[in-house]
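In: here is the input, now give the coordinates:
(2 chains)
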Protein chains: 2
Amino acid sequence: MRDTSISNDRSVTTGPIEGSSKVYIDVAHSAGLAIPIRRVHLTNGDHHDLYDTSGPYTDTNVDIDVTAGLPKLRNHWTKSEPIDGAATQLSWARAGTITDEMHFCAAREGLSPELVRDEVAAGRAVIPANHRHPECEPMIIGKRFAVKVNANIGNSAVTSSISDEVDKMVWATRWGADTIMDLSTGKNIHETREWIMRNSPVPVGTVPIYQALEKCNGDPAALTWEIYRDTVIEQCEQGVDYMTVHAGVLLRYIPLTAKRVTGIVSRGGSIMAAWCLAHHRESFLYTHFHDLCRILREYDVTFSLGDGLRPGSIADANDAAQFAELRTLGELTKIAKSHGVQVMIEGPGHVPMHKIVENVRLEEELCEEAPFYTLGPLATDIAPAYDHITSAIGAAIIAQAGTAMLCYVTPKEHLGLPNRDDVKVGVITYKIAAHAADLAKQHPRAQERDDALSKARFEFRWRDQFALSLDPDTAREYHDETLPAEPAKTAHFCSMCGPKFCSMRISADVREYAERNGLTDVDAIEAVMAAKSAEFTDAGGRVYLPVVSRP
Amino acid sequence: MRDTSISNDRSVTTGPIEGSSKVYIDVAHSAGLAIPIRRVHLTNGDHHDLYDTSGPYTDTNVDIDVTAGLPKLRNHWTKSEPIDGAATQLSWARAGTITDEMHFCAAREGLSPELVRDEVAAGRAVIPANHRHPECEPMIIGKRFAVKVNANIGNSAVTSSISDEVDKMVWATRWGADTIMDLSTGKNIHETREWIMRNSPVPVGTVPIYQALEKCNGDPAALTWEIYRDTVIEQCEQGVDYMTVHAGVLLRYIPLTAKRVTGIVSRGGSIMAAWCLAHHRESFLYTHFHDLCRILREYDVTFSLGDGLRPGSIADANDAAQFAELRTLGELTKIAKSHGVQVMIEGPGHVPMHKIVENVRLEEELCEEAPFYTLGPLATDIAPAYDHITSAIGAAIIAQAGTAMLCYVTPKEHLGLPNRDDVKVGVITYKIAAHAADLAKQHPRAQERDDALSKARFEFRWRDQFALSLDPDTAREYHDETLPAEPAKTAHFCSMCGPKFCSMRISADVREYAERNGLTDVDAIEAVMAAKSAEFTDAGGRVYLPVVSRP
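Out: Residues are numbered from 1 along each chain as shown, chains lettered A, B, ... in the order given. Below you'll find the model as predicted:
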């Protein structure tokens, strides 16, 4: 990889991931559409193609200039006509139209365009793709598709800068983030977001209340519908693809949080709770929800209905406040869909393992199976500095149960702002959780990668093992630590057991033995082993040379 | 913490974990017995007591001298008479005797001594405590008790030294390893183990076939029952508390592995497979199993029946070879118990999430609910360098289903030998998986720690949050990175949102509001909110001052 330096230190990471190159594959029957692929080149001459989120940054044939932004890919695609005033993937899917975005998503997933259309039409999947974000390579979020991962970036009042944030976006998508959310709360929110939008190959989500609050100098009580509405329009115009809206935090639910161990932990939720209490009025997000739908519909921005009352500790999981809000999100889902607006539902948070599945079942029941998008959940509170791991456990389980997208958690959760390394660790950890769930759900393509990597491992193709992994750089570095020499990368042993003592090597001998003796299935094995046993006795006890006697 | 330097660079880590001190609590009704506790001292004057695996190393009142070894604690305990020739916890439990070891374990778990005895008597729990390891603080492994974690250490032909290994043991138990396994395969196996045994406050496990193979210069075909038997006796004499024995790898099962993606990945399993094929005879571990039982019974060494045919990849999970061996382990369990020998059963490996629970159910059915002791399992193969995480997902799920002990996996799995940092990350990651399972199983004490930490978090008691965590040092370091100043450790905001923008702070205001207005339950909330609404209208729209208007 190399760094492309831009004026004002605006540099981003470019170049292919080790062992791979970027290729494009034409979408069948869709002239002009081609999906990006990370092609892993194996040392045995084969290749293995992987879903690719990294955009043009990993393409050596593209000159990256962040001041100019990415090519406006979707401007060349077919544009469908609005249906009853709604120019959204939902309205087109319902009308039976398969858009270019749907074809593109289907090809990326290796599934049929009809399945994509059906799932979008039913509201069980969303394709967050604002008309004003033409740089975006569309992707689909829904339980019938590969589980997706979101990475949060964004500056705060305390630290961070614009160039840091753009690079974090590029870095996060390099390692597999399917969407990113810009959660900036400090200065220059608009400018930071503009840089991110024009350079992001993945959908971008925001929480507009953060910027609205900045306009009120941080005083929630000073918020108004008008300030909020104008902020939403400003962000829609910039091309934001989905927006978190905490419209389910109702006045009457707020006291339900009073006896919690950790009260309200969602920033958006607490802002709206503060506003409701300050004015003793119902949330303007709720009372103006129809107005919001009309705005989002214009751009095909997807709702991500926020869980402002999500639990912030194991003690508060699945409580009355959380599920009261979820019920309201169900009502709002129906309203949004009646306007033709796509919807997903945000979920917890902190939940012990035995209470996780209930969250998915209830969400599906109350919200018409709108895609569920959860933050972890953390399966325990006791490991700050390791909350990527506490939450990956919960994330894998909730994704197996049907959650469509996982919001990552970094090692810095609860402690500080993630740096570049933290972003990478967070993304890789969540790719693990998502992939584990894809395997468990038996997604048609999921196990192919495991099998390819395990085959490489068994055949001592170390470089292929690294290249097929989620993080080739770190895998190779760890191998180098114990056995740095170049020949070790083709050695038929590894550092754990040393050359004389290798179970994989013995296994290869077992295979040879079985093949030579026709031991191909259980019946054959029984028969041959019985014959061998007689032969063994006849021959005086030694019929087969030691399999590991070679040096 | 400080390092105690010993001649020949034999230094180990001593001193309490940040924010804690070592205390001892007398065991009720057991004169002279006291259990070790990690007492966390909170800034609000309270304290929180935690299960402590770290031995005397964290006790500032003990002078550590690794050349002399730890005090021989159990030499002062009551010794029970053998029953029908068996001086084992199993035989005593069956006879209705509650040993000092059982009292000690019960007090550590906060459960009744009768429950400990009942579970040991039924073979559903084991207390691995060789009579010749008096330095050991006994602990119990069984599904009714807290889930335990094992850390593997041990040198290999390629790297590592004795002093490294002893320090890894001290280091692993400092962070919570409940047992350690010495898996040395290189030179000085006997001497390395002697150092570890005499300094280990936790049970030590081994795989005797490794040392036996060293005696044969690494040639499996040269192994004999006699060499193996003498090795087992040598290790029993040294005080090893439990031993992995791959006696379920039968000749006829070996060809079942031939078509696997990754063949046989267990070192012990592959050694025995090589021996069986070389001689075309049944494994001497199986044919001499009764003899082995008689040896282990002498010392009360616990069997850990190894899964030599465990799957080494997602593709091979739950296959015929794996479950054939498990059935044989069930037979061997009955034999061992008939001799009065304690038994646990080792489990996989690499298993996708949807196939995990079947492993536990089958183990329980076939092995009379003997404690299950699993290696992960890894929920996907595609993340070398992150296999502590891929496996923590599987470990948490399998522990929730009833696995009693988890063998850790470090970030170096499949790539190299773990260093000191890797050992710590592996242990902490597995403490997370174990604790997540304890929460899900609703172990009586599990949630207390989460609640204490979350309460500290909500009240901005940063130092208490660190001290109550699994790794106070790293939690504090991460907080320092963003907000290094000392006042930040008592600040009522955190680095993520900055001072003006804190959801926790708003929540505290909500709580105050609810208390002031008598909003104590759902009915009261409904009633008061209705009244407030009327009052609000009467008062012209403003009845409550903004909750976050303070600076």
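
In: so what's the residue in the stretch 251-400 of chain A that chain B sits nearest to up against?
Out: Per C-beta to the nearest C-beta, residue A:263 is where the stretch 251-400 of chain A lies closest to chain B, at 2.6 Å. All C-beta atoms are positioned from the backbone trio N, CA, C, and that covers glycine. Residues in contact with residue A:263, defined by C-beta atoms under 8 Å, 6 or more residues apart in numbering or on different chains, are A:257, A:270, A:312, B:458, B:503, B:504, B:506, B:507, B:508, B:510, B:511.

In: just the buried residues of those residues.
Out: A:257, A:270, A:312, B:458, B:503, B:504, B:506, B:507, B:508, B:510, B:511 (16 or more other C-beta atoms under 10 Å in any protein chain shown).

In: secondary structure, pLDDT and distance to residue A:302 added to the residues you listed, as a markdown table?
Out: A markdown table is the format used below for these (DSSP: H, G, I helix; E, B strand; the rest coil; pLDDT from 0 to 100; distance: C-beta to C-beta, whole Å):
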| residue | secondary structure | pLDDT | distance to residue A:302 |
| --- | --- | --- | --- |
| A:257 | helix | 91 | 27 |
| A:270 | helix | 90 | 24 |
| A:312 | coil | 95 | 26 |
| B:458 | helix | 89 | 33 |
| B:503 | helix | 64 | 24 |
| B:504 | helix | 66 | 29 |
| B:506 | helix | 71 | 27 |
| B:507 | helix | 70 | 29 |
| B:508 | helix | 71 | 34 |
| B:510 | helix | 73 | 30 |
| B:511 | helix | 73 | 34 |
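
In: residue A:247: which of these is nearest?
Out: Nearest to residue A:247 out of the buried ones among the contacts of residue A:263 is residue A:270 (C-beta to C-beta; 14.7 Å).

In: chain B versus the spatially most central residue of chain A, what's the distance?
Out: In chain A, the residue lying closest to the centroid (C-alpha atoms, centre = their mean) is residue A:149, at 0.9 Å. Distance of residue A:149 to chain B, given as C-beta to the nearest C-beta, to the nearest Å: 13 Å.

In: in a strand, that residue, correct?
Out: Yes - counting by DSSP: H, G, I helix; E, B strand; the rest coil, residue A:149 falls inside a strand.

In: show residues contacting stretch A:447-457.
Out: A:42, A:48, A:50, A:435, A:439, A:462, A:464-465, A:468-469, A:504, B:261-262, B:312-315, B:350, B:352, B:380-382, B:384, B:414.

In: try 7 Å this time
Out: A:48, A:50, A:439, A:464-465, A:468-469, B:261-262, B:313-315, B:380-382, B:414 (C-beta atoms under 7 Å, 6 or more residues apart in numbering or on different chains).

In: may I see the buried residues of that stretch?
Out: Buried, per 16+ other C-beta under 10 Å, within stretch A:447-457: A:447, A:449, A:450, A:451, A:452, A:453, A:454, A:455, A:456, A:457.

In: restricting to C-alpha, output stretch A:347-356 in CSV.
Out: Only the C-alpha atoms of stretch A:347-356 are listed here, as CSV (Å, rounded to 0.1, in the frame of the first residue of the first chain):
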residue,chain,number,x,y,z
GLY,A,347,-31.3,-2.2,18.1
PRO,A,348,-29.3,-2.6,21.3
GLY,A,349,-26.8,-2.1,23.0
HIS,A,350,-25.9,-4.2,26.1
VAL,A,351,-27.8,-7.5,26.3
PRO,A,352,-26.8,-10.8,28.0
MET,A,353,-26.7,-13.7,25.6
HIS,A,354,-29.9,-15.4,26.8
LYS,A,355,-31.9,-12.2,26.1
ILE,A,356,-30.6,-11.5,22.6
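
In: keep only those of the buried residues of stretch A:447-457 that are in strands.
Out: Of the positions in the buried residues of stretch A:447-457, not one sits in strands, assigned by DSSP state E.

In: any chance of those in CSV, with distance to residue B:476 and pLDDT too?
Out: Shown next, in CSV, are those (distance: C-beta to C-beta, whole Å; pLDDT from 0 to 100):
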residue, distance to residue B:476, pLDDT
A:447, 41, 97
A:449, 38, 98
A:450, 38, 98
A:451, 43, 98
A:452, 42, 98
A:453, 37, 98
A:454, 39, 96
A:455, 44, 95
A:456, 40, 95
A:457, 38, 92
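
In: any low-confidence regions in the stretch 401-550 of chain A?
Out: A:484-505, A:519-550 (pLDDT under 70).

In: can you tell me the closest non-neighbouring residue to the residue in it that chain B sits nearest to?
Out: Distances between the stretch 401-550 of chain A and chain B by C-beta to the nearest C-beta are smallest at residue A:507, namely 2.6 Å. Leaving out its chain neighbours, the residue that sits closest to residue A:507 by C-beta to C-beta, 6 or more residues apart in numbering or on different chains is residue B:263, at 2.6 Å.

In: what of residue A:282?
Out: Closest to residue A:282 by C-beta to C-beta, 6+ apart is residue A:251, at 5.3 Å.

In: verify the stated contact: that neighbour with residue A:275.
Out: No - applying C-beta atoms under 7 Å as the test, residue A:251 and residue A:275 come out as separate, 9.7 Å apart.

In: between those two, who's got more neighbours?
Out: Ranked by neighbour count (other C-beta atoms under 10 Å in any protein chain shown), residue A:251 and residue A:275 place residue A:275 first, with 28 against 20.

In: for the one helix or strand that one maps to, packing partners?
Out: Element membership for residue A:275 (DSSP states H and E) is helix A:267-279. The contact analysis (3 or more C-beta pairs under 7 Å, 6 or more residues apart in numbering or on different chains; DSSP states H and E) places helix A:267-279 against helix A:208-215, helix B:503-516.

In: for the last one, name the packing helices and strands.
Out: This points to helix B:503-516. With contacts taken as 3+ C-beta pairs under 7 Å, 6+ apart, helix B:503-516 sits against helix A:267-279.

In: any idea of the angle the helix it packs on forms with helix B:503-516?
Out: Between helix A:267-279 and helix B:503-516, the angle comes out at 40 degrees (axes from the mean of the first three to the mean of the last three C-alpha atoms, to 10 degrees).

In: is any residue of the strand or helix carrying residue A:229 near chain B?
Out: If you go by DSSP H and E, residue A:229 is part of helix A:225-238. No - interface with chain B: helix A:225-238 contributes nothing (C-beta under 7 Å from any C-beta of the partner chain), its closest point being 14.9 Å away.

In: list the helices and strands that helix packs on?
Out: Going by 3+ C-beta pairs under 7 Å, 6+ apart, helix A:225-238 lies up against helix A:189-199, helix A:208-215, helix A:289-299.

In: got the angle for that helix vs helix A:189-199?
Out: Using the same axes, to 10 degrees: helix A:225-238 against helix A:189-199 is 30 degrees.

In: please, which helix or strand holds the residue nearest to residue A:323 when sequence neighbours are not counted?
Out: Spatial nearest neighbour of residue A:323, chain neighbours left out: residue A:362 (6.6 Å); criterion: C-beta to C-beta, 6+ apart. Secondary structure from DSSP H and E places residue A:362 in helix A:356-366.

In: how about residue A:373?
Out: strand A:372-375.

In: would you check that residue A:373 makes contact with residue A:408?
Out: No - counting by C-beta under 7 Å, residue A:373 stays clear of residue A:408, with 11.7 Å between them.

In: those two: which is more packed in?
Out: Counted by other C-beta under 10 Å, residue A:373 and residue A:408 do not tie: residue A:408 has more neighbours, with 31 against 27.

In: assess the claim that the more buried one and residue A:428 are in contact.
Out: No - with contacts counted by C-beta under 7 Å, residue A:408 stays clear of residue A:428, the gap being 9.4 Å.

In: in the sheet, who's paired with the closest residue to chain B within the stretch 1-150 of chain A?
Out: Going by C-beta to the nearest C-beta, chain B is nearest to residue A:50 of the stretch 1-150 of chain A, at 9.8 Å. Beta-bridge pairing of residue A:50 under DSSP bridges involves residue A:38.

In: okay, now it: neighbour count?
Out: 19.
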